[in-house]
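**Student:** Got a predicted structure plus its sequence, pasted below:
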Amino acid sequence: MQPLSIPLDTGFTDEGAGYRQFGQDLAEAKDLSRAASRIVARFAGTPIQAFITTDEKGSTVDFGLLSGDKLFSLRQPLASDAMLKDLELAVANALGLRLNIVSAFSKRDPSTPLENSCDLKEYNGESLVLTFYDDFGDCRRFLKAMAAEAFNPRSEGFHAKWTLKAFSGKPEVRAGEVLDLLQSDKNGPEVPEGMVREFMQIFGRLTSMAEKWTHFHLELLQNFDPGMKSLKHDLCQHWLQLAKDSVTQKVPQRPPPVMLLCWNERAAVKGMDLFTVDGSFPAMFSRNLQNSLRLSDVDGRSQRWRSMLMLASLDADWFTGLPWKQLCALHPINKCRLGQWAEKFEEAVKKDKEMKQGELLERDDVVRMMHVQLRLSCRFRVVEVEGELHIPLLRCAAALLQWHLKEVTPGIGGLELERVLKGLLADAKKELQPGMRGVLILLWLPSSHAPDDLKLCWRLSQNSVRFILCYPEGAKRQRLSTH
């Protein structure tokens, strides 16, 4: 992966390899990720310039705005024979995103578009003007449609024929076109620029999954029960708030309601469940919609949840080996990949049946677990939780989702915690069985924990090493204060 040098508030420098002293640089990898997210949050779809410098070591590239303000640099030089497509790949790897350069030209000849095969060294000492998009285009289309009230049948902006497929031929939505919606406090808190990528991962995963569902087709919904006409509008508003809360807050001790979809063995939407502590629907759901959903057997009060199937469905890209966008596309899925999902589907259904026959779980334990696993499914490397988790339920979910779960003894911190975690990870790598996706570490942190303990977890985390951090003491105080 090509490292970045980013002159923002990350704590990294532009000198040498870009690293500061131990305890500053690596522990701030979280900040580097957030800085990359800020760049994508504002500049996907916006022309930027790439200044090329070529010598015997290869080509280095400094990115900046057309105004001259610097954005970031590729620290390691590209090969001397690198082409524009190699630059696209290097930036994508550095940002951890799928990127696509949609237009490119040199500042000295803006009338001539550049091909992906053009040689970068030919532009030594010059600037190229590039426009790129990331893999969140569909998510931005949803957000732009929501801002225009396109899903709201009670609005003048209602567009009954709106579908992702119908709008796929329209121009891409630039990041700046939806930034106001993310930075407003409507439908949840403001999304910090550094968390836009995580927001997109949650909101995009939920909405793209639903596009394959008949009940998400606006034109058809208008022929259903009157209460169901606003289902797409209200559900998207709920998922917007859910995504905003997920990137700005710990999973609370008393979690809010969450509506999730599950797939059948053919990777088509099977149904929807409401996970709720007290039987309530999300606040934005109208009374008519709530009544219609109860008639359709979507009623959180019954506690007939398909929790394991919901969690497996959110991770179907892992089980099939397909990118999520491809998995949610309307075209048929390869039979072999579909067979892999069908096996996991049967396993999840079996686990749900076993849970229904076993000990009755507390509602808040199940709902809290759904919030935690949603964040893990959407590539959160560290998930923070107020209070404790139901350990048997967590073990069941981890086994289904193919995580090697390790639990750390409560009450340790500082240098002792670092020693324990490094030893645990070394042992876990030896214990990993074929087919496991990585290590999931459950750690309890006291309310008085040192800030470095949290930074340590971020430093050690990666796609194959995730952390769940529980803060039980704060939750106990919260419970006492409400009695």
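**Tutor:** It's in. Quick caveat: nothing in here was measured; it's all calculated off a predicted structure.

**Student:** Report the contact partners of the residue nearest the centre of the chain.
**Tutor:** Residue closest to the mean C-alpha point of the chain, counted by Cα atoms, centre = their mean, is Gln201 at 2.6 Å. Residues in contact with Gln201 (Cβ atoms under 8 Å, 6 or more residues apart in numbering) are Cys378, Arg379. Quick note: C-beta positions are derived from backbone N, CA and C, even for glycine.

**Student:** SS state for it?
**Tutor:** helix (DSSP: H, G, I helix; E, B strand; the rest coil).

**Student:** in the stretch 301-450 of the chain, which spans are helices?
**Tutor:** In the stretch 301-450 of the chain, helices defined by DSSP state H, counting those that start in this stretch lie at 307-314, 316-320, 324-328, 335-357, 363-377, 391-400, 414-431, listed in chain order.

**Student:** a markdown table please, covering those helices and showing mean neighbour count.
**Tutor:** Formatted as a markdown table, these follow (neighbours: other Cβ atoms under 10 Å):
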| stretch | mean neighbour count |
| --- | --- |
| helix 307-314 | 25 |
| helix 316-320 | 20 |
| helix 324-328 | 18 |
| helix 335-357 | 16 |
| helix 363-377 | 22 |
| helix 391-400 | 18 |
| helix 414-431 | 13 |
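
**Student:** any idea how the protein splits into domains?
**Tutor:** Structural domains annotated on the chain: 4-133, 137-380, 402-483, as defined by automatic domain parsing.

**Student:** State the number of residues packed around Ala160.
**Tutor:** By other Cβ atoms under 10 Å, the residues close to Ala160 number 13.

**Student:** Could you shift the numbering so residue one becomes 887, and keep it that way?
**Tutor:** OK, 887 is where the count begins now, so the last one is Ala1046.

**Student:** returning to that earlier point: for Val1184, find the nearest of the helices of the stretch 1187-1336 of the chain.
**Tutor:** helix 1193-1200 (12.7 Å; Cβ to Cβ).

**Student:** List the contacts of the closest one.
**Tutor:** By Cβ under 8 Å, 6+ apart, helix 1193-1200 touches 1091, 1095, 1146-1149, 1156, 1159, 1161, 1205, 1230-1231, 1233-1235, 1237-1238, 1241, 1252, 1255-1256, 1259-1260, 1263-1264, 1282-1283, 1286-1287.

**Student:** please redo it, this time with the cut-off set to 7 Å
**Tutor:** 1091, 1146-1149, 1159, 1230-1231, 1234-1235, 1237-1238, 1252, 1256, 1259-1260, 1263, 1283, 1286-1287 (Cβ atoms under 7 Å, 6 or more residues apart in numbering).

**Student:** Check the offset of that helix from the chain's centre.
**Tutor:** 16 Å (Cα atoms, centre = their mean, to the nearest Å).

**Student:** rewinding a little: turn the domains of the chain into a markdown table, columns for mean pLDDT and distance to Gly1273.
**Tutor:** Output for those, formatted as a markdown table (pLDDT from 0 to 100; distance: least, Cβ to Cβ, whole Å):
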| stretch | mean pLDDT | distance to Gly1273 |
| --- | --- | --- |
| domain 890-1019 | 75 | 23 |
| domain 1023-1266 | 91 | 4 |
| domain 1288-1369 | 82 | 3 |
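
**Student:** now those in CSV, with distance to Pro1278?
**Tutor:** Formatted as CSV, the domains of the chain follow (distance: least, Cβ to Cβ, whole Å):
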stretch, distance to Pro1278
domain 890-1019, 31
domain 1023-1266, 8
domain 1288-1369, 11
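
**Student:** tell me the most buried of those?
**Tutor:** Among the domains of the chain, domain 1023-1266 has the highest mean neighbour count (mean count of other Cβ atoms under 10 Å), at a mean of 18.

**Student:** Can you classify Leu1016 as helix, strand or coil?
**Tutor:** Going by three-state DSSP: Leu1016 is strand.

**Student:** and the gap between the residue nearest to it when sequence neighbours are not counted and Gly1011?
**Tutor:** Distances taken as Cβ to Cβ, 6 or more residues apart in numbering place Ala990 nearest to Leu1016, at 5.0 Å, with adjacent residues excluded. Taking Cβ to Cβ, to the nearest Å as the measure, Ala990 falls 17 Å from Gly1011.

**Student:** Repeat that for Asp1120.
**Tutor:** Taking Cβ to Cβ, one finds Asp1120 at 55 Å from Gly1011.

**Student:** ok, now Lys1030?
**Tutor:** 39 Å.

**Student:** surely Leu1014 meets Ile987?
**Tutor:** No - Leu1014 is not in contact with Ile987 according to Cβ atoms under 7 Å; the separation is 9.6 Å.

**Student:** From the rest of the structure, what touches stretch 1114-1133?
**Tutor:** 1028, 1032, 1037-1039, 1073-1075, 1077, 1081, 1084-1085, 1088-1089, 1092-1093, 1101-1102, 1104, 1107-1108, 1144-1145, 1168, 1170-1172, 1175, 1178, 1261.

**Student:** Now intersect those residues with the helices, please.
**Tutor:** 1028, 1032, 1084-1085, 1088-1089, 1092-1093, 1104, 1107, 1175, 1178, 1261 (DSSP state H).

**Student:** In three-state terms, label Leu957 for me.
**Tutor:** Here Leu957 is recorded as strand under three-state DSSP.

**Student:** Can you give me the end-to-end span of stretch 964-976?
**Tutor:** Start and end residues of stretch 964-976 are separated by 8 Å (Cα to Cα, to the nearest Å).

**Student:** Oh, that last question was meant for stretch 1069-1084, not what I typed.
**Tutor:** 14 Å.

**Student:** residues in contact with Gly1166?
**Tutor:** Let me fix one detail, which is that residue 1166 is Ser and not Gly. Contacts for Ser1166 (Cβ under 7 Å, 6+ apart) come out as Pro1143.

**Student:** Kindly report the same for the one 4 residues further on.
**Tutor:** For Met1170, the contacting residues are Asp1120, Gln1123, His1124, taking Cβ under 7 Å, 6+ apart as the criterion.

**Student:** Check those residues against Leu1065 and report the nearest one.
**Tutor:** Comparing those against Leu1065 with Cβ to Cβ places Gln1123 closest, at 18.5 Å.

**Student:** any idea whether that closest one is helix, strand or coil?
**Tutor:** Relying on three-state DSSP, one would call Gln1123 helix.

**Student:** so the closest residue to Leu1310 other than its chain neighbours bridges to which residues?
**Tutor:** Using Cβ to Cβ, 6+ apart and skipping the chain neighbours, the partner closest in space to Leu1310 is Lys1292 (5.4 Å). When assigned by DSSP bridges, Lys1292 has beta-bridge partners Ile1327.

**Student:** what does Glu1270 give?
**Tutor:** Applying DSSP bridges, one finds that Glu1270 bridges with Leu1355.

**Student:** Leu1291 contacts Val1325, doesn't it?
**Tutor:** No - at 8.0 Å, Leu1291 and Val1325 do not qualify as touching, with contact defined as Cβ under 7 Å.

**Student:** If anything else comes up later, I'll come back, but that's it for now.
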